[in-house]
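> 3D, please:
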Amino acid sequence: MLGTPEDLEWGPVASMGEGAQMANIEGTLSEGAPFTFRLKLEDGYEIKPHTHPAYERVTVLEGTLHFAQGEEFNRDETQKLPVGGYAIMSPGDAMYGYAEGETMIQLHGEGPWGIEYINEEDDPRN
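From the prediction side, this is the model:
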């Protein structure tokens, strides 16, 4: 498979709500197979504390992602990840963050994959 950024089809992310868009590159998150997708986050977008059932591997492609481990959102505890920055989080590790400037990240891993928010009220699907 080969492609360019212009080939990507962006759409809303039900599990993240307004201010985030997703483009799938490969795989289906619900299947036990490799996946790769990109997220665009608007400036100031907050990723509320959450966990994933499998490893999360993130690379910052544009903008800046401020990211941290923990169950409580605290901007002062985040690490600034510029373009080229990365994070690898183990299954079940609580994490959160926010975007500085319009930020694009790429995530890849092995499904099945999903998101569970620490605080139910943070989940835009509710």
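
> Pretty sure residue 58 sits against residue 103.
No: taking contacts as Cβ atoms under 8 Å, residue 58 lies outside contact range of residue 103: 10.8 Å. C-betas here are computed from N, CA, C, even on glycine.

> any common contacting residues for these two?
residue 65 (Cβ atoms under 8 Å, 6 or more residues apart in numbering).

> ok, these two, which is more surrounded?
Taking neighbours as other Cβ atoms under 10 Å, residue 58 and residue 103 compare with residue 103 leading, 25 against 21.

> Give the helix, strand or coil label for that one.
strand (DSSP: H, G, I helix; E, B strand; the rest coil).

> Also residue 23?
Residue 23 - assigned by three-state DSSP - is strand.

> thought it was touching residue 13?
No: judged on Cβ under 8 Å, residue 23 makes no contact with residue 13 at a distance of 10.1 Å.

> Look up how far residue 6 lies from the nearest residue to residue 15 once chain neighbours are set aside.
Excluding the flanking residues, the one nearest residue 15 by Cβ to Cβ, 6 or more residues apart in numbering is residue 115, at 4.9 Å. Taking Cβ to Cβ, to the nearest Å as the measure, residue 115 falls 28 Å from residue 6.

> Residue 12 now?
Applying Cβ to Cβ to residue 12 and residue 6 gives a distance of 20 Å.

> what does residue 80 give?
From residue 80 across to residue 6, the span is 29 Å (Cβ to Cβ).

> So which of these two has more stuff around it?
Comparing residue 80 with residue 6 by other Cβ under 10 Å, the one with more neighbours is residue 80, at 11 against 5.

> Can you name the residues bridging to the more buried one?
Bridge pairing for residue 80 (DSSP bridges) gives the partners residue 66.

> Who are the packing partners of the host helix or strand of residue 109?
For residue 109, the host element (DSSP states H and E) is strand 95-110. Where contact means 3 or more Cβ pairs under 8 Å, 6 or more residues apart in numbering; DSSP states H and E, strand 95-110 is packed against strand 34-41, strand 46-51, strand 56-69.
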